[in-house]
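I would like to see how this sequence folds:
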Amino acid sequence: MVEAVQGAGVVVTGAGGGIGAAIARRFAAEGARVVVNDLDGARAGAVADEIGGIAVPGDASEIVAEARDALGGTVDVYCANAGVAFDDGAQGLSADEKSWATSWDVNVMAHVRAADLLLPDWLERGSGRFVSTVSAAGLLTMIGAPSYSVTKHGAYAFAEWLSLTYRHRGIKVHAICPQGVRTDMLAATGAAGDLVLKPTAVEPADVADALFKGIDEDRFLILPHPEVAAYYQARAAEPDRWLAGMNHLQQKWEEVR
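Numbers count the residues shown, from 1 in each chain. Below is the predicted model of the structure:
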């Protein structure tokens, strides 16, 4: 039991399935009051009914006020989990600019908009917790998915900025950066996911477990796949060697694509 979340008002976006649903279930099991958000109202409602939460369907960028009202006026924890990924690496970088615009909007700007609405109240009372579901792609990259890789780097950078700017004022920030997780999004990655992610994929519940361990230990960076730390270090220490290794994966992907 993590005391920091008992009785807390929690919002989880993109919680109709996958990582979001697992996080919502875990918060509810720990005694939190949970708003379940998803674009798909039926899926949000099903998870909310399962955990005794409140369904607030809709665009994750636009539900902060409604979620706050549903929780009685206060959001203690906001989990920016909703995300999108497009297989746009084989189509030419500008083949579908809509995928880039959508990726920026959902993977980055939804976090910015939520934080903008939450921070005034959090700063006034000196507490609040922002959880960003990023991806190992935000620390490293992902072959075949340029818009996903770039915007997940942006999501990680924004979480870092929130933490360094407001931690002395009582704001807690956590960035979750898993590799493969057995969700619909992983299933949609095709050959690239089969090559890079599926061999070490974990369950969504494992990501929720890692988050709660990170909350308990008051850690910013949460790695459900611990080996990502070594990859991140190698990328920083020897970027050319790391890029050569990733290019080798790229060539393998091109062979099997």
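
Sketch out the low-pLDDT regions of this protein for me.
Within the chain, the stretches falling below the threshold (pLDDT under 70) are 1-2, 89-95, 184, 186-198.

Can you find which helix in this structure contains the most residues?
Longest helix in the chain by number of residues, with DSSP state H as the criterion: helix 146-166.

The helix or strand just after that one - contacts with which helices or strands?
Sequence order places strand 171-176 as the next helix or strand after helix 146-166, per DSSP states H and E. For strand 171-176, the elements it packs on are helix 110-125, strand 128-133, helix 146-166, helix 204-217, strand 221-222, judged by 3 or more Cβ pairs under 8 Å, 6 or more residues apart in numbering; DSSP states H and E. C-betas here are computed from N, CA, C, even on glycine.

thinking again about what came up before, kindly export the longest helix of the chain (C-alpha atoms) in PDB.
What follows is helix 146-166, C-alpha atoms only, in PDB (Å, rounded to 0.1, in the frame of the first residue of the first chain):
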ATOM      1  CA  PRO A 146       9.700   8.900 -36.700                       C
ATOM      2  CA  SER A 147       6.700  10.800 -35.400                       C
ATOM      3  CA  TYR A 148       6.400   8.600 -32.400                       C
ATOM      4  CA  SER A 149      10.100   8.700 -31.600                       C
ATOM      5  CA  VAL A 150      10.300  12.500 -31.900                       C
ATOM      6  CA  THR A 151       7.200  13.300 -29.900                       C
ATOM      7  CA  LYS A 152       8.000  10.900 -27.100                       C
ATOM      8  CA  HIS A 153      11.400  12.700 -26.800                       C
ATOM      9  CA  GLY A 154       9.300  15.800 -26.400                       C
ATOM     10  CA  ALA A 155       7.100  14.200 -23.800                       C
ATOM     11  CA  TYR A 156      10.100  13.200 -21.800                       C
ATOM     12  CA  ALA A 157      11.700  16.600 -22.100                       C
ATOM     13  CA  PHE A 158       8.400  18.200 -20.800                       C
ATOM     14  CA  ALA A 159       8.300  15.900 -17.800                       C
ATOM     15  CA  GLU A 160      11.900  16.700 -17.000                       C
ATOM     16  CA  TRP A 161      11.200  20.400 -17.300                       C
ATOM     17  CA  LEU A 162       8.200  20.100 -14.900                       C
ATOM     18  CA  SER A 163      10.200  18.200 -12.400                       C
ATOM     19  CA  LEU A 164      13.200  20.600 -12.400                       C
ATOM     20  CA  THR A 165      11.000  23.700 -12.300                       C
ATOM     21  CA  TYR A 166       8.500  22.700  -9.600                       C
END
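
okay, the angle between that helix and strand 128-133?
Helix 146-166 runs at 160 degrees relative to strand 128-133, counting by axes from the mean of the first three to the mean of the last three Cα atoms, to 10 degrees.

If we go by neighbour counts, what in helix 146-166 is buried?
For helix 146-166, the buried set under the neighbour-count rule, 16 or more other Cβ atoms under 10 Å, comprises 146-156, 158-159, 162-163, 166.

got the contact list for that helix?
Contacts to helix 146-166, defined as Cβ atoms under 8 Å, 6 or more residues apart in numbering, come from residues 80, 83-86, 88-89, 93, 99-100, 103-104, 107-108, 111-112, 115, 119, 122-123, 130, 132, 134-135, 137-139, 141-142, 171, 173-175, 177, 220.

How about stretch 234-247?
Stretch 234-247 is contacted from outside by 139, 140, 141, 143, 231, using Cβ under 8 Å, 6+ apart.

Please name the spatially closest residue to the first one (chain neighbours excluded).
To tie it back to what came earlier, the one meant is residue 139. Computed as Cβ to Cβ, 6 or more residues apart in numbering, the closest residue to residue 139 that is not its neighbour in sequence is residue 232, at 4.8 Å.
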